[in-house]
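>>> any chance you could fold what I've pasted below:
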Amino acid sequence: MQEGAEPREDAPAEEAPSRLRPDGRLREVALLVEEADYLFALYRWIILTGEVPRAQDWLRREEWPHPDYVIDVFGSWEKFLQHAEIPASPLLARLRDAEDERRSVAARAQQADRELARADDLRRQVDTAKRRREAADAERAELRARAERLAAQLERAEARAATAEEHLGERRQQAEQAVGPRGEASDEWLAAHEALLVELDTVRAHREELLRQVEELREAAAHDAKAIARLSATLGEAAGGPEGNGNGAVAEPEPPPASVAEAVQRAADRAQYLVFTEAAFETAADSPYRRPAEILETLERLDELAGLYADPEGFGRSLGQAAEELGLTWRQNVSELARSRRPHAYSVTYDGERLELGPHVAIGSGSGAGFIARIYLHVADGSGDVPRGLYVGHVGRHLPDTTTA
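Numbers count the residues shown, from 1 in each chain. Prediction:
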């Protein structure tokens, strides 16, 4: 440009430095980084604890992401777990199965220990009953001998009394002949006669008392014999075979139920405390569980638990502790999330009343309805319209929860 020349109006002005504008791709990258960070934290939690975390597990732990941030990125905690493919993880399924098996083995071991302790206690009761019977037999033999000796004394006393009566009659005749009809026997003779009669009555009363004692001892011995027989039979059942010399007949074992429905029907027929709803029979008929004998055994143990719970004053421990002592794999309740997602799955009707299911017992190990089963219950404390007790509402398949699709 020549000196003094005016700048051209159409010349382009010097461009101003460009400003950073929000970029949608940058936001997308930030979200992906957050997703990766939260997924990494999820996998790390599972590796360290062996469990799937709940939202409240991360709520007050600074080293873990706040659940609100996770929900903000994924939409919900369930979607977060589904995005990580946690419900379909075969590793976690095997871990849960291993944990269930471990608890089942521990429960069976505890039950075996209790059975052994019960067998030892029954053996001690049998030994005590045998000693009591032996002592009763010895005392009875001694009293029988005493009774025999007193019976001999009684016969001799009766013979003396009869002789005395004959002598009395003879003396009366002699006295009448000697002194006339108005004469009287001597006082000494009458006193001796009365003494013999008193002795005779005393011996007879003593004999009756001894005979009564002998009869009582016989009844006690018979009662002890029945108690010993009952304890011996119980001991034989606890030991798995007949007790004693093997002469007793062994009852033929009952064949196992062929289906879950048959197991539930047997348990319902035998139950003294456990209450079965119609839904329990319907779900049992739909269950493909392959070991129905385990269902029957579990329901029988639940009937024992219901008998303990029937006491309104309580039995000194929680329902879960009592269930574990009976060898049951007890689950206290289901999550509120699962209940809110499937409200109708966790409720049944009994006698016109709606019962909410929650506490349940886990049975079996593995995967699939053929290898695992659940028994869901309603626990009524008697404060409402439903009487106090345990109500069976579902037998068979695992009800849907947060771990199922």
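>>> surely residue 304 meets residue 325?
No - judged on C-beta atoms under 8 Å, residue 304 makes no contact with residue 325 at a distance of 10.0 Å. Glycine gets a C-beta too; all of them are placed from N, C-alpha and C.
>>> mind checking what helix or strand follows the worst-scoring helix or strand of the chain on mean pLDDT in sequence?
Taking mean pLDDT, DSSP states H and E as the measure, the chain has helix 187-239 as its least confident helix or strand, at a mean of 65. Per DSSP states H and E, the first helix or strand lying C-terminal to helix 187-239 is helix 260-270.
>>> for residue 304, give me its contacts.
Applying C-beta atoms under 8 Å, 6 or more residues apart in numbering, we find residue 304 in contact with residue 326.
>>> how close does it get to residue 267?
Per C-beta to C-beta, to the nearest Å, residue 304 is found 12 Å from residue 267.
>>> one more: residue 325?
20 Å.
>>> and for residue 387?
Using C-beta to C-beta, one gets 19 Å for the distance from residue 387 to residue 267.
>>> and for residue 398?
Separation of residue 398 from residue 267 (C-beta to C-beta): 20 Å.
>>> what does residue 323 give?
16 Å.
>>> for residue 318, the count of nearby residues, please.
Counted with other C-beta atoms under 10 Å, the neighbours of residue 318 add up to 12.
>>> same question, the one 4 residues further on
Residue 322 sits with 17 neighbouring residues when counted by other C-beta under 10 Å.
>>> for residue 331, grab phi and psi.
Note on residue 331: backbone dihedrals following degrees, to the nearest 10 are phi -120, psi 120.
>>> cool, residue 392 as well?
phi -90, psi 120.
>>> isn't residue 281 right up against residue 262?
No - counting by C-beta under 8 Å, residue 281 does not reach residue 262; the two are 10.7 Å apart.
>>> anything in contact with each of the two?
In contact with both residue 281 and residue 262: no residue, using C-beta under 8 Å, 6+ apart.
>>> run the chain-centre distance for whatever helix or strand residue 143 lives in.
For residue 143, the element it lies in under DSSP H and E is helix 90-179. Remark: helix 90-179 is offset 34 Å from the chain centroid, using C-alpha atoms, centre = their mean, to the nearest Å.
>>> show me the chain divided up by domain.
Split into domains by automatic domain parsing, the chain comes to 24-86, 119-236, 258-396.
>>> let's have those domains in a markdown table, adding distance to residue 105.
Supplementary listing: those in a markdown table, determined by distance: least, C-beta to C-beta, whole Å:
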| stretch | distance to residue 105 |
| --- | --- |
| domain 24-86 | 18 |
| domain 119-236 | 21 |
| domain 258-396 | 10 |
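>>> just name the most buried of the ones you listed.
Most buried of the domains of the chain by mean neighbour count (mean count of other C-beta atoms under 10 Å) is domain 258-396; its value is a mean of 17.
>>> tell me if residue 85 really is in a strand.
No - counting by DSSP: H, G, I helix; E, B strand; the rest coil, residue 85 falls outside a strand, being coil.
>>> the chain should start at 600 in everything you say after this.
All set: I'll call the first residue 600, so the last point we hit is now residue 684.
>>> how near is it to residue 638?
Residue 684 sits 10 Å away from residue 638, taking C-beta to C-beta as the criterion.
>>> residue 948 falls within a helix, correct?
No - looking at residue 948 with three-state DSSP, it is strand, so not inside a helix.
>>> these two touch, right, it and residue 977?
No - counting by C-beta under 8 Å, residue 948 sits too far from residue 977 to count as a contact (10.7 Å).
>>> need the residues touching each of those two.
residue 954.
>>> which parts of the stretch 900-1004 of the chain are strands?
929-930, 946-949, 952-955, 959-963, 971-979, 988-995 (DSSP state E, counting those that start in this stretch).
>>> okay, these in a markdown table with distance to residue 700 and mean pLDDT next?
As requested, the strands of the stretch 900-1004 of the chain are exported to a markdown table (distance: least, C-beta to C-beta, whole Å; pLDDT from 0 to 100):
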| stretch | distance to residue 700 | mean pLDDT |
| --- | --- | --- |
| strand 929-930 | 15 | 92 |
| strand 946-949 | 29 | 92 |
| strand 952-955 | 29 | 92 |
| strand 959-963 | 9 | 90 |
| strand 971-979 | 11 | 93 |
| strand 988-995 | 20 | 95 |
